[in-house]
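Undergrad: got a sequence here, can you model it:
(one chain, ligands or ions: 1)
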Amino acid sequence: MTGLDIRLKRLFSRGKVFVVALDHGLVMGPLKGIENVVSVVKKMGNYPDALQMTPAMLRVVEENFYSRNSPMLIARLDTANVWRDARKYDQGYYSMVYEVKEAVRAGADAVVTYLVVGYGDDRIEGYNLEQLAKARREAEDYGLPFIIEPLFVRKEISDSVKDTTAVKYVSRLASEIGPDLLKVDYSGDKNGFASVVEASFSPILIRGGPKTSNDLDFLKMLRDAMDSGASGITVGRNLWQSQDPNLMAQAISKVVHESVPPEEAVKVIQKVNS
Ligand SMILES: O=C(CO)COP(=O)(O)O
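TA: Modelled structure (predicted):
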C-alpha cells in the first residue's frame, strides 16, 4: 500500500488538513466566486494542502500545478441534486460521472464521492452504495486515497441535515464502506461532534457549508470542530465567496496548520481591509 500511504502522508504533512473545494459546478452550476476557474485557483496560493475539482476542471487549470510546492489534487467523481431546491423535485438522483482512471489521468492524488442517504428511494441508495464500493476498489488498485462525503438529505430541506443523530448515522454508514477519509457536516456542538468522531473509523474533515454572515463565526466553527476531533476542513463557499479569498485562505491556514485562535487569525483579513 506504499502509494496510498505516501499520498495520505503528503496530504497530512502539515499535521491537519486544509482542502479548498471548487467542484460545486457539477451540482450547483457556476456559483458566484467560481465562475472564473483560473482566477479562483490562482487566489489560493499554497495555503491549502489540496484543491478539490472535477477532472474536467483540472485540465483547465493544470499549469498551476507544475511546481513541487503546488497543493495536491482531489478529483470529484460523482454528482447528486442534493443542493438544488429539493422541494421542486419529486425524486432525487445520484450519478457516477467519472471513473478513477480518468481522475488519475487528470492528475488526481485522491478521489472523493458522495454517499446520499434519505431521498426515500432505496434504489438510489443501493446504486450509490454499489458505485462507491466499485470506486473504492478502483482507488485501492491505483493507490489513491478514497474520500466519502456522506450527506443526510430530506426532501423538504434544501441542504443536508446537520443534527448530531443524522450526521453520526451517515458517518458510520460511510465508514463501513472503507474510505481513507470522511468529509462530514459539522453537527453544531462540540460534544455532539466528538460522538460523531468516536463512531467513525476514518479521520474526518468537516464540510464548510453555506456562507456564514461573518468570517470570525466561520473560523470559530472550524476551531470547535477541530477541538472535537476533526482532522481539518474542506471549504468552498466560505472561502471563495468571502471578500478576499486569498486572505481568507491565509486565515484558515493559520487556524488549521498553526493552531492560531480564530480571533487572532481573523486579524489577517481585518488589517488589510481596515
Ligand atoms: O467539500 C465541499 C463541497 O464538495 C465543501 O463545500 P462548501 O464549503 O461550500 O460546503
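
Undergrad: make it CA atoms for all contacts and neighbour counts henceforth
TA: Fine.

Undergrad: okay, now the residue lying closest to G25 once chain neighbours are set aside: neighbour count?
TA: With sequence-adjacent residues excluded and distances taken as Cα to Cα, 6 or more residues apart in numbering, G25 is closest to L31, at 7.0 Å. Neighbour count for L31, taken as other Cα atoms under 10 Å: 14.

Undergrad: ditto for the one 5 residues further on
TA: Other residues near N36 number 11, with proximity taken as other Cα under 10 Å.

Undergrad: what separates stretch 145-152 from the chain centre, distance-wise?
TA: 8 Å (Cα atoms, centre = their mean, to the nearest Å).

Undergrad: and the stretch 1-150 of the chain, which residues reach the ligand?
TA: When proximity is defined as Cα under 6 Å from any ligand atom, the stretch 1-150 of the chain approaches the ligand at A21.

Undergrad: would you agree the residue nearest to G25 falls within a strand?
TA: No: counting by DSSP: H, G, I helix; E, B strand; the rest coil, L31 is located in no strand; its state is coil.

Undergrad: so for it, what's the pLDDT?
TA: Listed pLDDT for L31 reads 94.

Undergrad: repeat that for Y169.
TA: Confidence score, pLDDT, at Y169: 97.

Undergrad: got the contact list for it?
TA: By Cα atoms under 8 Å, 6 or more residues apart in numbering, the contact set of Y169 is empty.

Undergrad: locate it within the secondary structure: which element?
TA: Assigning secondary structure by DSSP states H and E places Y169 in helix 164-175.

Undergrad: buried residues, that helix. List them.
TA: The neighbour-count check on helix 164-175 (16 or more other Cα atoms under 10 Å) flags T164, A166, V167, K168, Y169, V170, S171, R172, L173, A174, S175 as buried.

Undergrad: helix or strand right after it?
TA: strand 181-185.

Undergrad: show me where the stretch 51-200 of the chain has helices.
TA: 55-61, 100-105, 122-142, 164-175, 190-199 (DSSP state H, counting those that start in this stretch).

Undergrad: hey, which of the ones you listed is tucked in deepest?
TA: helix 164-175 (a mean of 21; mean count of other Cα atoms under 10 Å).

Undergrad: and the angle from it to strand 181-185?
TA: 160 degrees (axes from the mean of the first three to the mean of the last three Cα atoms, to 10 degrees).

Undergrad: what is the end-to-end distance of stretch 80-96?
TA: Terminal residues of stretch 80-96 are spaced 9 Å apart (Cα to Cα, to the nearest Å).

Undergrad: same deal with stretch 237-249?
TA: 12 Å.

Undergrad: quick one: average confidence on it?
TA: If you average the pLDDT values across stretch 237-249, you get 96.

Undergrad: if we look at that stretch, which residues are touching it?
TA: Contacts of stretch 237-249 (Cα under 8 Å, 6+ apart): 20, 32-34, 40, 43-45, 47-48, 208-212, 215, 218, 268-269.

Undergrad: if we go to 6 Å?
TA: G33, K43, M44, K211, I269 (Cα atoms under 6 Å, 6 or more residues apart in numbering).

Undergrad: any part of that stretch near the ligand?
TA: Yes: shown here: stretch 237-249 in contact with the ligand (Cα under 6 Å from any ligand atom) through R237, N238.

Undergrad: thinking again about what came up before, pull the helix holding Y169 out as CSV, backbone CA atoms only.
TA: In CSV, the C-alpha atoms belonging to helix 164-175 read as follows (Å, rounded to 0.1, in the frame of the first residue of the first chain):
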residue,chain,number,x,y,z
THR,A,164,-25.8,15.0,15.6
THR,A,165,-28.0,11.9,15.2
ALA,A,166,-28.2,12.3,11.4
VAL,A,167,-24.5,13.2,10.9
LYS,A,168,-23.4,10.3,13.2
TYR,A,169,-25.6,7.9,11.3
VAL,A,170,-24.3,8.7,7.8
SER,A,171,-20.7,9.0,9.0
ARG,A,172,-20.9,5.4,10.4
LEU,A,173,-22.6,4.1,7.2
ALA,A,174,-19.8,5.7,5.1
SER,A,175,-17.1,4.4,7.4
